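Student: sequence plus the predicted model coming up.
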Amino acid sequence: MSTAKLAPKDFKADAEFAKAMHGSGERGGFTAVLSKNRDAQQAAVDGYFKHWDNKGPKEETEEDKQARLDDYSSLTKHYYNLVTDFYEYGWGSSFHFSRYYPGEAFKQATARHEHYLALKMGINENMKVLDVGCGVGGPAREIHRFTGAEVVGLNNNDYQISRGNAYAKKFGLENKLSFVKGDFMQMDFPDNSFDAVYAIEATVHAPDLAGVYGEIYRVLKPGGTFGVYEWVLTDNYDESNARHREIAYGIEIGDGIPKMFKSEVAEAALKKVGFEIVHQQDMADVGDKIPWYYPLTGDWKYIQTLGDFFTFCRTSKFGRMFTMEATGLLEKVGVAPKGSKKVTIALEEAAVHLVNGAKEGLFTPMMLYVCKKAE
Ligand SMILES: CC(C)=CCC[C@@H](C)[C@H]1CC[C@H]2C3=C(CC[C@]12C)[C@@]1(C)CC[C@H](O)C[C@@H]1CC3
Ligand SMILES: C[S@@+](CC[C@H](N)C(=O)[O-])C[C@H]1O[C@@H](n2cnc3c(N)ncnc32)[C@H](O)[C@@H]1O
């Protein structure tokens with residue numbers, strides 16, 4: 001089904017690399033940034049930035065673009081080896097955006113976004129559910145708590161798997177949650193293994209959407225449901241428009257994405273692999289008073305609670321600049337490993353272009369598709 005070149009599966013080498021770079025994975029967040037193995041950090045920095053250094057939306061060639069697609073697996077693995085601690089420090093353990101109601105706290109909105117997907121998919125306590133690209137397990141924990149379902153998280157990043165296991169242990173959820181190493185383009189699960197499958201802001205890392213959706217279709221039981229919050233470019237996006245391409249490129253470089261696709265490509269891919277789309281809606285375009293991207297702006301007026309104030313201190317423009325300069329200083333004096341500031345600069349690219357992409361109506365991180373596999 002996939003037109004993409006599939007990555008070699010060398011899980012043993014991946015696990016050894018993650019152990020060398022991050023240690024046991026018991027500790028996360030900003031302090032964990034400081035304790036990386038220096039050589040492994042350098043290898044991750046080189047492995048990720050070789051795709052972006054000395055290139056740009058205007059200069060990049062067709063070969064550069066193809067190289068990112070061919071290298072999808074290690075590009076994304078290195079990206080998350082470098083950013084996971086920053087994500088946890090700034091955002092928490094659910095690595096996705098959410099809608100916000102007036103008066104609703106950041107954490108509450110995050111959980112509600114996850115509950116909404118589970119509700120739309122009809123997940124219940126008798127189901128075994130797959131979370132494709134599960135991060136450090138924030139959504140898996142919340143969806144288990146909300147529905148009672150057993151959740152299996154699939155991830156190609158060993159560090160995130162160890163963080164997911166550490167959280168499951170902390171909350172006593174080991175018998176209901178498990179985290180499995182694997183590439184979503186070539187899963188190791190047998191056909192018809194799961195009652196439901198969901199993916200939250202993860203399948204955008206695929207080099208080819210039909211490839212990952214085809215695998216999801218295969219492992220889903222007949223009659224089962226697949227739900228996804230997809231990152232897509234909207235109908236307004238024009239690849240030949242320099243401003244549009246600059247925004248898409250900024251999102252790609254800052255978010256570890258080989259190539260972003262338009263919503264029509266996602267929709268066609270879902271249908272091509274056999275899914276019936278039973279519900280589709282851009283959840284970023286439902287007239288919300290508070291935009292989904294507000295934590296990344298300087299708009300203090302949207303802060304809803306005292307807790308949000310502390311989150312905003314890390315995610316807003318000002319907070320990001322503070323983290324970037326502090327990280328740079330720590331790197332200079334040898335406390336943070338080399339390349340740490342470069343990572344914060346890439347994250348800044350992400351934040352700026354995500355907000356611009358949203359404001360200019362070119363991008364959404366929450367195109368919801370609920371799909372059925374026929375009986
Ligand atoms: C990469 C994909 C497909 C999804 C991740 C969505 C979001 C959770 C991230 C996108 C940009 C990230 C940034 C941060 C946290 C996680 C994101 C919002 C920071 C706020 C983390 C703290 C750093 O100092 C600044 C980061 C800016 C970007
Ligand atoms: C933005 S994070 C979202 C994580 C999670 N869904 C959440 O909302 O917290 C994207 C996730 O997709 C995973 N991922 C990316 N490419 C993958 C691949 N080829 N196979 C499996 N997982 C992958 C990353 O490791 C990461 O955990």
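Tutor: Cool, the structure landed. Ligands and ions are numbered 1, 2, ... in the order given.
Student: for ligand 1, what are the nearby residues on the chain?
Tutor: Selection of the chain residues close to ligand 1 by C-beta under 6 Å from any ligand atom yields 86-87, 89-91, 95-97, 201, 204, 231, 255-256, 314-315, 320, 323, 344, 347, 350-351. Just so you know, the C-beta spots here come from the backbone N, C-alpha and C atoms, and that holds for glycine as well.
Student: ligand 2 next: which of the residues you listed are close?
Tutor: Phe95, His96, Glu201.
Student: okay, the last one: pLDDT?
Tutor: Looking at Glu201, its pLDDT reads 98.
Student: nearest residue to Tyr198 other than its sequence neighbours?
Tutor: Excluding the flanking residues, the one nearest Tyr198 by C-beta to C-beta, 6 or more residues apart in numbering is Gly227, at 4.6 Å.
Student: pLDDT (mean, whole number) over the host helix or strand of the one you found?
Tutor: Secondary structure assignment for Gly227, by DSSP states H and E: strand 220-233. For strand 220-233, mean pLDDT is 98.
Student: thinking again about what came up before, can I assume the residue nearest to Tyr198 is in contact with Cys371?
Tutor: Yes. Counting by C-beta atoms under 8 Å, Cys371 is a contact partner of Gly227 at 7.5 Å.
Student: any idea how far ligand 2 is from the residue nearest to Phe363 when sequence neighbours are not counted?
Tutor: Among residues not flanking Phe363 along the chain, Gly357 sits closest, at 3.3 Å (C-beta to C-beta, 6+ apart). According to C-beta to the nearest ligand atom, to the nearest Å, Gly357 stands 16 Å off from ligand 2.
Student: just so I have it, where are all the strands in the stretch 51-200 of the chain?
Tutor: In the stretch 51-200 of the chain, the strands defined using DSSP state E, counting those that start in this stretch lie at 128-132, 150-155, 177-181, 194-200.
Student: run a quick neighbour tally on the nearest residue to Tyr79 once chain neighbours are set aside.
Tutor: Spatial nearest neighbour of Tyr79, chain neighbours left out: Gly256 (2.9 Å); criterion: C-beta to C-beta, 6+ apart. Per other C-beta atoms under 10 Å, the neighbour tally for Gly256 reads 21.
Student: show me what from the stretch 251-375 of the chain comes close to ligand 2.
Tutor: Close to ligand 2, as judged by C-beta under 6 Å from any ligand atom, the stretch 251-375 of the chain has no residues.
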